[in-house]
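Q: Got a sequence here, can you build the structure:
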Amino acid sequence: MGKLKTKKGVAKRFRLTKKRKVAHSSGGKSHLATSKTTRRLRRLRRKKILGYSKRGKYLKRMLPYG
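A: Predicted coordinates for the structure are as follows:
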């Protein structure tokens, strides 16, 4: 069986955790920060976890090697 190709756009934006959940960082941090509250900006710094959703399954298929 041949090698599976990784979708590079997905690989740049998402990664798999040790428990095979999909992690990603939030958007909306790069500009217009003065209008956002400090609390909001602090929370945007955190990594977000996609649980066991349909979207998560779809992304895992595009990241065959983690």
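Q: what ranges do the helices span in the chain?
A: 8-13, 38-44, 54-62 (DSSP state H).
Q: what's next to the first one, contact-wise?
A: The one in question is helix 8-13. Helix 8-13 is contacted from outside by His24, Leu59, Met62, Leu63, using Cβ atoms under 8 Å, 6 or more residues apart in numbering. (Each C-beta comes from the backbone N, C-alpha and C, glycine too.)
Q: what's the nearest residue to the second one once chain neighbours are set aside in contact with, if anything?
A: Closest residue to Leu59 in three dimensions, ignoring its sequence neighbours and counting by Cβ to Cβ, 6 or more residues apart in numbering: Val22, at 5.0 Å. Each residue near Val22 by Cβ under 8 Å, 6+ apart is listed here: Phe14, Arg15, Leu16, Ile49, Leu50, Arg55, Gly56, Leu59, Lys60, Leu63.
Q: what separates stretch 47-64 from the chain centre, distance-wise?
A: Remark: stretch 47-64 is offset 8 Å from the chain centroid, using Cα atoms, centre = their mean, to the nearest Å.
Q: What is the linear distance spanned by that stretch between its boundary residues?
A: Distance between the boundary residues of stretch 47-64 (Cα to Cα, to the nearest Å) amounts to 21 Å.
Q: now that stretch: mean pLDDT?
A: What stretch 47-64 shows for mean pLDDT is 88.
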